[in-house]
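**Student:** let's see this in three dimensions:
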Amino acid sequence: MTSTLSFDHAVPADRATPPADTPWAERPARNLRRVLAVNATSSGVAGLAGLVAASWWAETLGIDRVGWVQVVSVAFIVFAVDVGLVAARATRSLRTAALAVSICDISYVIATVVVLATVDLTTAGAVIAVAMGLLVVDFAALQLRYRSRLA
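**Tutor:** Down below sits the predicted model:
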């Protein structure tokens, strides 16, 4: 007597297992690429939003000069392009490049702490800065986690 199991329910995407033909060593690489892609996308969106509405962001954050918002926004866009390129690298060079991205992310978090300590931001500006800092530190942690699992 042979019995078979049937799973008729859908598995959420975040819990789905990789396809059976995915080599074990590629799973951390795929996860790392996903985190890098989300990092790149969110950085690019933040940069574009900053450029499109620099005056509004400067006022909302409590920054006296719109030019600072524009400079940071351009830096976000350049960073986003670079991170996107890192996500597309061959697995053998992904480990080193992902470390560089993580170091940049950690540097951003440190700079955010310095800004919070030295610049008189509005309440909204401080909340936004903390939220972005927490998001970026999460990116760094996930990138370092998956990087460490690469073969």
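
**Student:** pLDDT below threshold where in the protein?
**Tutor:** 1-26, 151 (pLDDT under 70).

**Student:** for the residue most central in space within it, which non-adjacent residue is spatially closest?
**Tutor:** Residue closest to the average C-alpha location in the chain (CA atoms, centre = their mean): N39, at 2.2 Å. Leaving aside its sequence neighbours, N39 sits nearest to F139 (CB to CB, 6 or more residues apart in numbering; 4.6 Å). (Each C-beta comes from the backbone N, C-alpha and C, glycine too.)

**Student:** the helix or strand where that neighbour lies packs against which elements?
**Tutor:** Element membership of F139 [criterion: DSSP states H and E] is helix 123-148. Judged by 3 or more CB pairs under 8 Å, 6 or more residues apart in numbering; DSSP states H and E, helix 123-148 is in contact with helix 26-52, helix 54-61, helix 91-118.

**Student:** mind putting those helices into CSV with distance to R147?
**Tutor:** Listed next are the helices and strands packed on helix 123-148 as CSV, based on distance: least, CB to CB, whole Å:
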stretch, distance to R147
helix 26-52, 6
helix 54-61, 32
helix 91-118, 5
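
**Student:** right, so the ones you listed: which one is the most enclosed?
**Tutor:** Mean neighbour counts were compared across those using mean count of other CB atoms under 10 Å; the top stretch is helix 26-52, at a mean of 18.

**Student:** quick one: distance of that helix to the chain centre.
**Tutor:** When C-alpha coordinates are averaged (CA atoms, centre = their mean, to the nearest Å), helix 26-52 and its chain have centres 5 Å apart.

**Student:** and it, what does it pack onto?
**Tutor:** In this structure, helix 26-52 packs against helix 66-87, helix 91-118, helix 123-148, with contacts taken as 3+ CB pairs under 8 Å, 6+ apart.

**Student:** quick revisit: how much space separates the residue nearest to N39 from G133?
**Tutor:** Using CB to CB, to the nearest Å, we find F139 at a distance of 11 Å from G133.

**Student:** go on, Y108?
**Tutor:** 8 Å.

**Student:** please apply the same query to S102.
**Tutor:** Distance from S102 to G133, by CB to CB: 15 Å.
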